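# what shape does this take:
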Amino acid sequence: MLTHGNAAPAPPVRVVVMGARGFVGNAIAACLERGRAPVLRLSRLEVDLLAPNGADRLAARLRRDDVLVAVSALAPCRNAAMLRDNMIIAAAMAKAATAAGLRVVVVELATGAVPLHEAPLDGDVCLAVGNEDHGCTASLLAVADAITYIPQSGRVGSLNVAVAAAVAMAEARRRGWAPG
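Sure thing, here's the model as predicted:
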């Protein structure tokens, strides 16, 4: 039998949606608001992550008990300049998460990565997953507190990014359960 570490399910204190003016970010925020979750909608208008102080401005808006949903990116990525900007955005979000007291754990097949079941997912964590084609950027890996991969058998080397994110979140959630 398993028992959850929390006696009763509790909603998030607040969900910060970075990229809330985009199609996906707006849909996520609206769904959360329908469920009566407190949501702070942020976009480039409030926090420009490409600005030199972008990470600091986002960090100033985050609280330690926030859930950060980051769907901020320039898409579709059509050229090297857009790719560079997306790398800056990802690094700024990771820097802001670290400044807010979150441990940044990147899910990526990379040198030094540990299997997901051994990753440090306890406490306050920011999970980051990369692009399906190119993975995580070197700048994101450089600011990560830990790098993990999802062990797989057979010839499959990677998963769809949404599936990888779901597996990593499920593992983090599973650790909230204890044998009882």
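# relative to residue 142, how far out is residue 153?
The gap separating residue 153 from residue 142 is 30 Å, by C-beta to C-beta, to the nearest Å. C-beta here means a position set from N, CA and C on the backbone, and glycine is covered the same way.
# skip ahead from the lengthiest helix in the chain and say which helix or strand is next.
The helix that spans the most residues within the chain, counting by DSSP state H, is helix 80-99. With elements assigned by DSSP states H and E, the helix or strand that comes after helix 80-99 is strand 103-107.
# tell me the domain ranges of this structure?
Following automatic domain parsing, the chain resolves into domains at 11-101, 102-180.
# quick one: the last one to chain centroid distance?
Just to be clear, that refers to domain 102-180. How far domain 102-180 lies from its chain's middle: 10 Å, per C-alpha atoms, centre = their mean, to the nearest Å.
# next secondary structure after the least confident helix or strand in the chain by mean pLDDT?
Ranking every helix and strand in the chain by mean pLDDT, DSSP states H and E puts strand 2-4 at the bottom, with a mean of 53. For strand 2-4, the following helix or strand on the C-terminal side (DSSP H and E) is strand 14-18.
# re the thing from before, which residues are in contact with the longest helix of the chain?
With contact meaning C-beta atoms under 8 Å, 6 or more residues apart in numbering, helix 80-99 is reached by 18, 49-50, 54-56, 58-59, 62, 68, 70, 72-74, 77, 104, 126, 128, 136-137, 139-140, 142-145.
# rerun at 6 Å
Contacts of helix 80-99 with the rest of the structure, by C-beta atoms under 6 Å, 6 or more residues apart in numbering, involve 49-50, 54-55, 58-59, 70, 72-74, 77, 104, 126, 137, 139-140, 143.
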